[in-house]
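1. got a structure for you, letters missing:
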């Protein structure tokens, strides 16, 4: 009986068990709440990390867009500068400051393709002292290679580049160098190179892809302006029949896009001039026509003219003015034959042939006259 009296009552044991269960449940609930809180914190951290990743991506996109905006501003500034430039000689000077800002370094230069002999001449330099005349062959040096392949090139350090030519260095024998081609549409190939933009930094690896992109953003507007009517070289005379053919083909392609007329003239001076007289005649022709017009010396006493934005009446007026100018200085007389797009033909080779036939008719009549092309069926 004494043992039974010392045993706790059943209700007491039951109460202690329930208290333990409640305590355990409370601990479990606390753990669950803690786990839920930690889970929320983890999800919040994951969201923060995700947002930070997104912010980093957006920051990269912002920098890319800032660079693109800078390129567009550069192109806009270039377009305004080109609009103010009135001759091909002024175009490089308009572009040089913009190229210097686009490619921060020590010196920049502009090279122009000379179709007569296929060389590249350095026509403008900024940051490298006085301009020293330099001419590179097509494919020679970095500049010549860029012109030949039509692709931009970035050289980390010219000191280790065997292709570099001493004449194209702008800031010493070491440092980064970049060159980009100035290309325009061409009927005989995808795009023709008319010049090259180049820049040099004395710091090796001083240029990156962003500098290359900015230079390329300037190259195409410059090339387009170089080739546009009104920005031809006011003193240039194309050297060959092939050059005239290419110019007429380009103008015919433009005419098909814009539905604008142009005229092709064939000129012949009699009696045949000396070399000095030929040079003087070329100068007379240039003074009598617009800057947008193109003169080609076809050999001997023969010349060709391309007159953009000109129909038959304008062609007659120009031809008569040229005949009068030649007659005023004597000796010799000028005979002119011409054909017009689209009045006489729509293809460059046919227009040239019709102008040549018109010239032959004029010479058969005794020369010193202007003859318009006849339709092919009328010959």
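-> That came through, no problem. Predicted model only: the values in this text are computed from it and were never measured. Residues are numbered from 1 along each chain as shown.
2. From here on, just use CA atoms for contacts and neighbour counts.
-> Fine.
3. list the buried ones in the helix or strand encompassing residue 350?
-> Per DSSP states H and E: residue 350 is located in helix 348-364. For helix 348-364, burial by neighbour count (16 or more other Cα atoms under 10 Å) applies to 348, 351-363.
4. And for stretch 139-151?
-> 139-148, 150.
5. Check which element follows the helix holding residue 350 along the chain.
-> Beyond helix 348-364 toward the C-terminal end (DSSP H and E), the next one is strand 370-372.
6. Just give me how far that following strand sits from the chain centre.
-> Using Cα atoms, centre = their mean, to the nearest Å, the distance from the centre of strand 370-372 to the centre of the chain it belongs to is 39 Å.
7. One more: stretch 196-204?
-> Counting by Cα atoms, centre = their mean, stretch 196-204 is centred 18 Å from the centre of its parent chain.
8. Show me the contact partners of that stretch.
-> With contact meaning Cα atoms under 8 Å, 6 or more residues apart in numbering, stretch 196-204 is reached by 100, 103-112, 143, 146-147, 156-157, 169-172, 174-182, 207, 215, 219.
9. what do you get for stretch 26-46?
-> Outside stretch 26-46, not a single residue reaches it (Cα under 8 Å, 6+ apart).
10. which ones are touching the spatially closest residue to residue 167 that is not a sequence neighbour?
-> Among residues not flanking residue 167 along the chain, residue 134 sits closest, at 6.2 Å (Cα to Cα, 6 or more residues apart in numbering). Listed by Cα under 8 Å, 6+ apart, the contact set of residue 134 reads 121-122, 167-168.
11. Give the rounded mean pLDDT of stretch 206-221.
-> Across stretch 206-221, the average pLDDT comes to 84.
12. now the strands: where do they sit in the stretch 1-150 of the chain?
-> Counting by DSSP state E, counting those that start in this stretch, one finds strands in the stretch 1-150 of the chain at the ranges 107-114, 119-126, 135-137.
13. which SS class is the closest residue to residue 173 other than its chain neighbours?
-> In space, not counting the residues next to it along the chain, residue 173 is nearest to residue 159; the distance is 5.9 Å by Cα to Cα, 6+ apart. Secondary structure assignment for residue 159 (DSSP: H, G, I helix; E, B strand; the rest coil): helix.
14. Format the buried residues of helix 348-364 as CSV; extra columns: pLDDT and distance to residue 374.
-> Below are the buried residues of helix 348-364 laid out as CSV (pLDDT from 0 to 100; distance: Cα to Cα, whole Å):
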residue, pLDDT, distance to residue 374
348, 89, 16
351, 93, 11
352, 91, 12
353, 92, 11
354, 94, 7
355, 92, 9
356, 92, 11
357, 93, 8
358, 93, 7
359, 92, 11
360, 92, 12
361, 92, 10
362, 90, 12
363, 89, 15
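15. Now the phi/psi pair for residue 302, please.
-> Per-residue torsions, residue 302: phi -100, psi 140 (degrees, to the nearest 10).
16. Give me the angle between the longest strand along the chain and strand 107-114.
-> Counting residues, the longest strand found in the chain (DSSP state E) is strand 189-201. Interaxial angle of strand 189-201 relative to strand 107-114 (axes from the mean of the first three to the mean of the last three Cα atoms, to 10 degrees): 150 degrees.
17. helix or strand for the residue nearest to residue 359 when sequence neighbours are not counted, which one?
-> Spatially, and ignoring its direct neighbours in sequence, residue 359 is nearest to residue 337 (3.9 Å; Cα to Cα, 6+ apart). Element membership of residue 337, judged by DSSP H and E, is strand 333-341.
18. Packing partners of that strand?
-> With contacts taken as 3 or more Cα pairs under 8 Å, 6 or more residues apart in numbering; DSSP states H and E, strand 333-341 sits against strand 262-270, helix 312-329, helix 348-364, strand 370-372.
19. Just the buried ones from the contacts of stretch 196-204?
-> Applying 16+ other Cα under 10 Å to these flags 100, 103, 105-112, 143, 146-147, 156-157, 169-171, 174-182, 207, 215, 219 as buried.
20. Which helix or strand contains the residue nearest the centre of the chain?
-> With distances taken as Cα atoms, centre = their mean, the residue of the chain nearest its centroid is residue 220 (1.5 Å). Per DSSP H and E, residue 220 falls inside helix 209-227.
21. what is the orientation angle of that helix with strand 189-201?
-> Between the axes of helix 209-227 and strand 189-201, defined by the same axes, to 10 degrees, the angle is 130 degrees.
22. Quick one: distance of helix 209-227 to the chain centre.
-> 4 Å.
23. From the contact counts, what lies against it?
-> Counting contacts by 3+ Cα pairs under 8 Å, 6+ apart, helix 209-227 is packed against helix 10-84, helix 90-102, strand 176-186, strand 189-201.
24. Mind checking what helix or strand follows it in sequence?
-> With DSSP H and E, the next secondary element past helix 209-227 is helix 241-258.
25. contacting residues around that next one?
-> 115, 186-187, 238, 260-262, 264, 296-298, 304-306, 308, 341, 346-349, 352.
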